[in-house]
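# fold the stuff below for me.
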Amino acid sequence: MSKKDILWLTTSFGLAILSLVLYKRLQDKESELLSLKAKWDESNFQALNPVRYVSNHINAAKGSPVVHFELGCRDLSRLKDFYNNVFGWSASDITLGANFNTNSAEGIQGHLTSLGHEPYDYVTFYIQVEEIKATLAQIQAAGGKKIVGPIPLPDKRQFAWFSDPEGNMIGLVSSIP
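Purely as a prediction, here's the structure:
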């Protein structure tokens, strides 16, 4: 056998062993990835199934519930049609916007707002609290900022907006004391 043949056999044998090692590692990685995917699927399912998630993970007696959502827009009519056509939500006009009825017993209701000035395109949710002024003080002490409010609403409630330390705009709502 020539040196060239020995070199070829050694290289071929080495590549075959390397291929087997890599194949085994890929199988191990595939198994690990499938395990991670299963964990992600379960946590994603919980995020998409709020009733199950809340009942399993949150002590409702201590938390403040999310009770409403708001979408800012330029063209109120266009978005009313969009959400009606895609999701079956009906809308009733209010000052500067439209209330949504999601026509579902599950989830929360919301509204569209067309302020006529910036910001136009935003999404926020409202957290129900006992006392807005006290909550705004806690927010500011924790690094958040008051944006607006409290502002009285016609239904004997009030609302305020704040931004968290990352700049996310969120609403608060409470009964007027």
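# just name the shakiest helix or strand of this structure by mean pLDDT.
One helix or strand of the chain scores below all others by mean pLDDT, DSSP states H and E: helix 50-57, with a mean of 47.
# right, and the helix or strand after that one?
Downstream of helix 50-57, the next assigned helix or strand under DSSP states H and E is strand 66-72.
# what does that following strand rub up against?
For strand 66-72, contacts defined as CB atoms under 8 Å, 6 or more residues apart in numbering pick out 79, 108-115, 119-128, 171, 173. For the C-beta atoms, the positions are set from N, CA and C on the backbone; glycine is no exception.
# now, which of these lie within helices?
Among the contacts of strand 66-72, the residues falling in helices (DSSP state H) are residue 79.
# which among the contacts of strand 66-72 end up buried?
79, 110, 111, 112, 113, 114, 124, 126, 127, 128, 171, 173 (16 or more other CB atoms under 10 Å).
# low-confidence ranges in the protein?
1-62, 96, 103, 117, 119-120 (pLDDT under 70).
# going by distance to residue 148, which of the buried ones among the contacts of strand 66-72 wins?
residue 171 (9.5 Å; CB to CB).
# for the nearest residue to that closest one once chain neighbours are set aside, list the residues it contacts.
Closest residue to residue 171 apart from its sequence neighbours, by CB to CB, 6 or more residues apart in numbering: residue 126 at 3.8 Å. Residue 126 is in contact with 66, 67, 68, 69, 70, 159, 170, 171, 172, 173, counting by CB under 8 Å, 6+ apart.
# got a winner among the residues you listed for most neighbours?
Among the contacts of residue 126, residue 172 has the most neighbours (other CB atoms under 10 Å), with 23 neighbours.
# report the beta-bridge partners for it.
Beta bridges link residue 172 to residue 127, residue 160, judged by DSSP bridges.
# am I right that it is in contact with residue 133?
No: checked against CB atoms under 8 Å, the pair residue 172 and residue 133 is beyond contact range at 9.8 Å.
# which stretches of the protein form strands?
Assigned by DSSP state E, the strands in the chain fall at 66-72, 90-94, 97-101, 109-113, 123-128, 145-152, 157-163, 169-175.
# now tabulate the ones you listed in TSV and tack on distance to residue 137.
Listed next are these as TSV, based on distance: least, CB to CB, whole Å:
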stretch	distance to residue 137
strand 66-72	21
strand 90-94	30
strand 97-101	29
strand 109-113	26
strand 123-128	15
strand 145-152	9
strand 157-163	11
strand 169-175	12
